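[1] Provided below are the primary sequence and the corresponding predicted coordinates.
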Amino acid sequence: MSTQTSPATGASTTSRTPMAKVVLASLIGTAVEWYDFFLYGSAAALVFGSVFFPESDPVNATLLAFGTYALGFVARPLGGVVFGHFGDRVGRKKMLVVSIIMMGAATVAIGLLPSYAAIGVTAPVLLLACRLLQGFAVGGEWGGAVLMAAEHGEDRHRGFWSSWPQSGVAMGNLLATGVLWVLAFVQSDDTFEAWGWRIPFLLSAVLVLVGLWVRLSIEESPVFQEARADLEQQQVAEAHLPILEVLRRYPREVLIAMGMRLAENISYYIFTVISITFIVDFGDGDKGPILQALLIGAAVQFTVIPLIGAWSDRVGRRPLYLVGAIGVGVWSFVFFGLVDSGREGLVVLAVVVGLIFHSLMYAPQAAFFSELFGTSVRYTGASVGYQLASILAGALAPIIAVKLLADPADPNTTAVAIYVAVASVLTVVAVLCAKETVNTSLRHDRVTGR
């Protein structure tokens, strides 16, 4: 049990949930939701083209599959606004419970969808509906998960504690890639395409039950409770509209967060999703080695993210973020050559180094974004900045990359590398425009005047 006092009100707020349990709840819940989200991306690269868009040639079918994938990102800002609004009004915990149930339902439904051969054009329409629901749910997930960890922990260790939900993203990718890799190993391509791909989606039901049980057992954020008490004391709680307050009082912070996301988000999907597409559709290679490399890369990333988060508590958020942004821009020129070599060691090296550079941005990001916004609008502000950038970055990255690769016989990997490098430059500019926030208190708010 830990007791904290609000400097503004003098009220004492007691958190009965041990910090390790809060972190576990954020980690497991985030892992489950991102397992679902990443699973879709991997399946889009491997089978959705032929299952749901069989009348197109392989490259165009993949583009159509990635089109439904991208639309999931379009729903994420809406999810961020809706979940952020209620998360800033009624609490972080309730919204995290709703988001994990919604994501699980959508993912299991995908595993049960009939193919195009069975019901025609209705199949991709239903696939799109499930993807939009996934995007809406994950749009509300990230902000709540990182805030639960950040707002329960001490200021001096915030980078470490709030990096664990970020590790949950790597764990989700690890689980999704691991299941797909096992299925690819034990099943033929025909079996996997016929029904094997459905197994990972149906397994989501078990993971959701575990994540839901853990999330229901934790207490609400003490920092949120203090801010809510301040709003009620000032008799403005019922009229509080977080999204309007964010746009009025924190527009600069939203733009900075969006800019900081570009290189991080684009590079991640190039190093993970597009690497699969490059091998399968443009290299006509076996998907086994790249799935194995992604599995190793996700395991490494899961390990290094908390270490980098703790490091950011010592040296600051900005220096690490800058190194990561520059690193992914440079490494993208090396990445495809290593992947295309076909040598397992070099493929693993390409993915692991790329994800380490990515982690230098992703690990301190949760603390950095949390520190940018005041408590009464923090869920909304962090979610909107994070998710709006996803439309410009992660949603379009696979489509743009496939278009830039262009010719399966002679893919233009240099064009893709330039694309990542441009995003890196924009992210560097955004980081330089941001103030260092390490060791700042989260008990600040322009809305309540704290």
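    Yep, that arrived. Numbering: from 1, shown residues only.
[2] what is the neighbour count of the closest residue to residue 192 other than its chain neighbours?
    With sequence-adjacent residues excluded and distances taken as C-beta to C-beta, 6 or more residues apart in numbering, residue 192 is closest to residue 183, at 5.8 Å. (C-beta placed from N, C-alpha, C; glycine too.) Around residue 183 sit 17 other residues, with neighbours defined as other C-beta atoms under 10 Å.
[3] list the contacts for residue 183?
    Counting by C-beta atoms under 8 Å, 6 or more residues apart in numbering, residue 183 touches 192, 196, 197, 199, 200.
[4] the residue nearest to the fourth one when sequence neighbours are not counted is in what secondary structure piece?
    Okay, so that is residue 199. Once flanking residues are discounted, residue 199 sits nearest to residue 183: 6.4 Å by C-beta to C-beta, 6+ apart. For residue 183, the host element (DSSP states H and E) is helix 158-186.
[5] wait, residue 287 sits on residue 185?
    No: between residue 287 and residue 185 there is no contact under C-beta atoms under 8 Å: 10.5 Å.
[6] quick check: residue 48 touching residue 127?
    Yes: with contact defined as C-beta under 8 Å, residue 48 counts as touching residue 127 (7.3 Å).
[7] pull up the overlap in contacts between these two.
    residue 68.
[8] can you map out the helices along the stretch 301-450 of the chain?
    317-340, 344-372, 378-390, 397-405, 413-433 (DSSP state H, counting those that start in this stretch).
[9] just the contacts of residue 183: which are in helices?
    199, 200 (DSSP state H).
[10] looking at the contacts of residue 183, which one is closest to residue 151?
    residue 200 (32.9 Å; C-beta to C-beta).
[11] which residue ranges of this structure form strands?
    2-5, 12-15 (DSSP state E).
[12] circling back to that earlier point, deepest-packed of the helices of the stretch 301-450 of the chain, please.
    Across these, averaging neighbours per residue (mean count of other C-beta atoms under 10 Å) puts helix 378-390 on top, at a mean of 29.
[13] could you list the low-confidence segments of the stretch 151-300 of the chain?
    231-240, 283-285 (pLDDT under 70).
[14] OK, contacts around residue 304?
    So residue 304 contacts 356, 359, 363 (C-beta under 8 Å, 6+ apart).
[15] one more: residue 103?
    Residue 103 neighbours (C-beta under 8 Å, 6+ apart): 32, 33, 36, 37, 133, 134, 137, 138, 141, 208.
[16] if we use 6 Å, what do you get?
    33, 36, 137 (C-beta atoms under 6 Å, 6 or more residues apart in numbering).
[17] contacting residues around residue 25?
    Residue 25 neighbours (C-beta under 6 Å, 6+ apart): 214, 215, 218.
[18] which one of those is nearest to residue 383?
    Once C-beta to C-beta is applied, the member of those that ends up nearest residue 383 is residue 215, at 17.4 Å.
[19] and the closest one, how many neighbours?
    Neighbour count of residue 215, defined by other C-beta under 10 Å: 24.
[20] any idea which residue is closest to the centre of the chain?
    With distances taken as C-alpha atoms, centre = their mean, residue 169 lies nearest the centre of the chain, 6.0 Å away.
[21] if I look at the residue nearest to that residue when sequence neighbours are not counted, how far off is residue 361?
    Nearest non-adjacent residue to residue 169, counting by C-beta to C-beta, 6+ apart: residue 34, 4.7 Å away. Per C-beta to C-beta, to the nearest Å, residue 34 is found 17 Å from residue 361.
[22] surely residue 79 touches residue 136?
    Yes: applying C-beta atoms under 6 Å as the test, residue 79 and residue 136 come out as touching, 3.9 Å apart.
[23] when the two are compared, which one has more neighbours?
    Taking other C-beta under 10 Å, residue 79 and residue 136 do not tie; residue 79 has more neighbours (28 against 24).
[24] give me every residue that touches the closest residue to that one other than its chain neighbours.
    Ranked by C-beta to C-beta, 6+ apart and with sequence neighbours excluded, the top spatial neighbour of residue 79 is residue 139, at 2.5 Å. By C-beta under 6 Å, 6+ apart, the residues touching residue 139 are 76, 79, 80, 387.
[25] what is the neighbour count of the residue nearest to residue 406 when sequence neighbours are not counted?
    With sequence-adjacent residues excluded and distances taken as C-beta to C-beta, 6+ apart, residue 406 is closest to residue 412, at 5.4 Å. Per other C-beta under 10 Å, the neighbour tally for residue 412 reads 15.
[26] per-residue pLDDT of residue 412, please?
    Reported pLDDT at residue 412 in the predicted model: 88.
[27] check what pLDDT residue 43 gets.
    82.
[28] before we move on, back to that, so which of the helices of the stretch 301-450 of the chain is nearest residue 269?
    helix 397-405 (4.3 Å).
[29] so for that closest one, mean pLDDT?
    88.
[30] if we can go back for a sec, save the contacts of residue 304 as TSV, and put in distance to residue 372 and pLDDT too.
    Output for the contacts of residue 304, formatted as TSV (distance: C-beta to C-beta, whole Å; pLDDT from 0 to 100):
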residue	distance to residue 372	pLDDT
356	25	97
359	20	97
363	16	96
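[31] residue 156: which of those residues is nearest?
    residue 363 (16.4 Å).
[32] for the closest one, which non-adjacent residue is closest in space?
    For residue 363, the closest residue by C-beta to C-beta, 6+ apart turns out to be residue 308, at 3.7 Å.
[33] residue 151: how many residues sit nearby?
    28.
[34] so it touches residue 226, yeah?
    No: look at residue 151 against residue 226 with C-beta under 6 Å: they stay out of range, at 9.5 Å.
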